[in-house]
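Student: got a predicted structure here, sequence first:
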Amino acid sequence: MRWGAYPPTKLLQTPIWLNLVRETIFFYNVDVTTKIAQSSVVTNRQWIVKARVFYFSSTGNTRLGAELVARGICQGGGCCDLVDITDSGAEKVALTFNDVDLVGFACPTFVWKPPIKVTDFIHNLPELEGRLGFLFCTCGWEPEGVVAKLASEVVKKKIILIDSYIMWAEESMTMIRWRRFILNRGRPNAEDRDGAIRFGENLVHKYKQYKDDPSLPPHRSKRKFSCLTPISILGCLARQNLIKYYFRKKVNLELCNQCGLCAQQCPVGAIKMADYPKFCDNCIMCFRCINLCPQDAIESWFTKGNPRYKGPKI
Ligand SMILES: Cc1cc2nc3c(=O)[nH]c(=O)nc-3n(C[C@H](O)[C@H](O)[C@H](O)COP(=O)(O)O)c2cc1C
Ligand code: SF4
Ligand code: SF4
């Protein structure tokens with residue numbers, strides 16, 4: 001076994017309290033790269049609304065959800081682009097919004113929050129004053145305030161939110177995927193998928209309503225829990241900078257075949273291939289490498305023997 005970054009000495013170098021303050025006050029700075037993953041899913045030439053959805057998806061649930069929402073928008077009489085912001089290797093794309101009426105953001109729930117790469121992506125966008133927007137999140141067991149937290153970033157860009165949606169999907173956090181029990185196994189099921197399509201269709205109606213009556217109040221997403229509940233305290237302790245100390249990764253050298261897929265797929269380029277993968281400091285704990293390694297050679301705390309999540313069945 002080879003241990004990844006964050007040996008115990010790191011804990012001494014960076015005191016936990018300093019990380020907590022830094023995480024609370026500042027954004028963790030991740031390089032934002034984007035690529036157009038799929039060109040327009042256009043069914044109508046005379047569309048009512050042109051939408052663009054930016055999505056982050058570690059293991060495919062959110063990507064599937066975003067595709068279903070796009071299908072719904074097209075069925076409702078609009079058209080929709082999907083832009084994948086997951087990968088680090090993708091070339092930067094000049095972000096123009098001139099031709100876009102409705103901007104969507106889609107992401108999974110990571111420890112009751114949106115992934116840090118998504119909040120950083122939104123943080124780095126220009127202000128889009130008066131533009132209409134919507135949110136779409138997936139979760140495996142408890143979304144808590146993920147939508148509200150995503151909304152708080154989006155409204156800083158002066159986007160007016162018209163709706164949000166949460167789709168339940170199979171749990172991808174390997175440490176709580178047990179052989180005998182996997183939360184939401186097999187989801188999104190037919191009903192979940194249908195819900196995402198209907199949400200997309202409904203977005204077109206909502207868009208028309210907001211255009212006809214600009215005085216309509218923006219959509220508000222409430223946090224399910226107020227501050228200082230046990231779950232919110234745990235969420236605070238589990239902030240990105242801290243959980244990587246708890247969940248160091250290690251590679252089983254007997255299983256690893258040095259294929260390099262983990263380094264290729266890491267959303268923030270936090271894996272360097274020497275002979276074997278080496279984990280760097282900028283890991284955002286998305287568990288993508290652990291789940292997608294074809295040899296199941298990457299382990300973290302409490303992952304040993306747990307089945308990996310290879311993505312939804314299309
Ligand atoms: C590191 C990590 C943390 C997670 N935390 C939560 C959580 O707090 N609440 C929840 O409901 N699901 C949680 N999940 C499950 C994912 O949100 C869910 O499986 C999601 O659909 C994955 O989407 P993706 O395949 O697009 O990455 C977590 C998954 C990972 C990998
Ligand atoms: S994906 Fe798995 S097998 Fe391939 S290099 Fe990474 S750890 Fe090794
Ligand atoms: S090293 Fe693994 S867990 Fe960390 S960001 Fe990269 S893919 Fe995600």
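Tutor: That came through fine. Ligands and ions are numbered 1, 2, ... in the order given.
Student: quickly note the distance from residue 205 to ligand 3.
Tutor: With distances defined as Cβ to the nearest ligand atom, to the nearest Å, the gap from residue 205 to ligand 3 amounts to 38 Å. (Glycine included, C-beta is placed from N, CA and C.)
Student: let me redo that: residue 302
Tutor: Taken as Cβ to the nearest ligand atom, the span from residue 302 to ligand 3 is 15 Å.
Student: sec struct for that residue, please.
Tutor: The assignment at residue 302 comes out as coil when based on DSSP: H, G, I helix; E, B strand; the rest coil.
Student: bridge partners for the residue nearest the centre of the chain, pull those for me.
Tutor: Within the chain, the residue whose C-alpha comes closest to the C-alpha centroid is residue 107; the distance, by Cα atoms, centre = their mean, is 3.1 Å. With DSSP bridges applied, the residues forming beta bridges to residue 107 are residue 137.
Student: so who does it touch?
Tutor: Residues touching residue 107, when contacts are defined by Cβ atoms under 8 Å, 6 or more residues apart in numbering, comprise 55, 56, 57, 62, 114, 115, 118, 136, 137, 138, 146, 150.
Student: do that again at 10 Å, thanks
Tutor: 54-58, 62, 65-66, 85-86, 113-115, 117-119, 121-122, 135-138, 146-147, 150 (Cβ atoms under 10 Å, 6 or more residues apart in numbering).
Student: what's the local residue count around residue 217?
Tutor: With neighbours defined by other Cβ atoms under 10 Å, the count for residue 217 comes to 6.
Student: can you give me the pLDDT of it?
Tutor: In this prediction, residue 217 carries a pLDDT score of 92.
Student: all the strands of the stretch 201-314 of the chain, residue numbers only.
Tutor: In chain order, the stretch 201-314 of the chain shows strands spanning 250-251, 271-273, 277-279, 298-299, with DSSP state E, counting those that start in this stretch as the criterion.
Student: next one: residue 288 from residue 125, what distance?
Tutor: Taking Cβ to Cβ, to the nearest Å as the criterion, residue 288 is separated from residue 125 by 23 Å.
Student: relative to ligand 3, which residue of the stretch 101-250 of the chain is the closest?
Tutor: Of all residues in the stretch 101-250 of the chain, residue 249 sits closest to ligand 3, with a separation of 6.6 Å (Cβ to the nearest ligand atom).
Student: how about the backbone phi and psi for that residue?
Tutor: Taking degrees, to the nearest 10, you get phi -110, psi 150 for the backbone angles of residue 249.
Student: distance of whichever residue of the stretch 51-200 of the chain sits closest to ligand 3 relative to residue 196?
Tutor: Residue nearest to ligand 3 within the stretch 51-200 of the chain: residue 58 (7.0 Å; Cβ to the nearest ligand atom). Plainly put, residue 58 is 18 Å away from residue 196 if you go by Cβ to Cβ.
Student: residue 310 now?
Tutor: Residue 310 sits 21 Å away from residue 196, taking Cβ to Cβ as the criterion.
Student: next one: residue 206
Tutor: Note on residue 206: its distance to residue 196, by Cβ to Cβ, is 15 Å.
Student: more crowded one of these two?
Tutor: When residue 206 and residue 196 are compared on other Cβ under 10 Å, the one with more neighbours turns out to be residue 196, at 24 against 19.
Student: isn't that one up against residue 189?
Tutor: No. Using Cβ atoms under 10 Å, residue 196 is not in contact with residue 189; the gap is 11.4 Å.
Student: who in the protein is up against ligand 1?
Tutor: Those residues of the chain that sit near ligand 1, judged by Cβ under 6 Å from any ligand atom, are 57-62, 108-112, 138-143, 169-173, 285-287.
Student: any residues of this protein in contact with ligand 3? List them.
Tutor: Of all the residues in the chain, those in contact range of ligand 3 (Cβ under 6 Å from any ligand atom) are 266-268, 270-271, 279, 283-289.
Student: show me the domain layout of this protein.
Tutor: By the assignment in automatic domain parsing, the chain contains the domains 2-25+227-299, 35-212.
Student: partner residues bridging residue 165?
Tutor: Applying DSSP bridges, one finds that residue 165 bridges with residue 136.
Student: residue 70 contacts residue 53, correct?
Tutor: Yes. Here residue 70 reaches residue 53: they are 6.3 Å apart, a contact under Cβ under 10 Å.
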